[in-house]
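Student: Fold the following, please.
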Amino acid sequence: MKTIISTDKAPQAIGPYSQAVEVNGVIYTSGMIPINPADGTLVTGAVEEQAEQALKNLKALIEESGSSMDKVIKTTVFIKDMNDFAKINEVYARYFTDNYPSRSCVEVARLPKDVLIEIEAIAIKQ
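Tutor: Predicted coordinates:
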């Protein structure tokens, strides 16, 4: 059974997709970009600021699903510039502090709304 997960504590979908979906106790999130969900504004500026907002959004969505950041098993991080890898890791390490999930990090040509980072995750509820 597929359950759609939605929260106003993370940006609303900007297309025909769900913020997250749960199937058999596994949560699959859509990519979170640095949009402030309170007012819908895009967080611009340094990659660290954008990473912080994207991770806040991801955390809110994971928690809305009934899971937590320590139950994330896989993330995919899309970044505009691989030279920002170390800066992003500094922010990422504040959200994943133990029992790290597996992760892919990919440099891409362009992201929605021309942001510098987008993060998606797979988490479990148990």
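
Student: and the longest helix for the protein?
Tutor: In the chain, with assignment by DSSP state H, the single longest helix is helix 47-64.

Student: Contacts for the helix or strand just after that one, please.
Tutor: Sequence order places strand 72-79 as the next helix or strand after helix 47-64, per DSSP states H and E. For strand 72-79, the surrounding residues in contact (C-beta atoms under 8 Å, 6 or more residues apart in numbering) are 31, 47, 62, 85, 88, 92, 96, 101-108, 111, 116-124. C-beta: built from backbone N, CA, C; applies to glycine.

Student: send the alpha carbons of strand 72-79 over as CSV?
Tutor: Output of strand 72-79 as CSV, limited to C-alpha atoms (Å, rounded to 0.1, in the frame of the first residue of the first chain):
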residue,chain,number,x,y,z
VAL,A,72,17.7,7.4,7.0
ILE,A,73,19.4,4.6,5.1
LYS,A,74,20.3,6.4,1.8
THR,A,75,20.7,9.9,0.6
THR,A,76,21.4,11.3,-2.8
VAL,A,77,23.0,14.8,-2.9
PHE,A,78,22.9,16.8,-6.1
ILE,A,79,25.3,19.7,-6.2
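
Student: Distance from the chain centre to the longest helix of the chain, please.
Tutor: Distance of helix 47-64 from the chain centroid (C-alpha atoms, centre = their mean, to the nearest Å) equals 6 Å.

Student: Who are the packing partners of that helix?
Tutor: Under the contact definition 3 or more C-beta pairs under 8 Å, 6 or more residues apart in numbering; DSSP states H and E, helix 47-64 sits against strand 20-23, strand 26-29, helix 85-95, strand 117-124.

Student: give me that answer again for 10 Å
Tutor: Where contact means 3 or more C-beta pairs under 10 Å, 6 or more residues apart in numbering; DSSP states H and E, helix 47-64 is packed against strand 2-5, strand 20-23, strand 26-29, strand 72-79, helix 85-95, strand 117-124.
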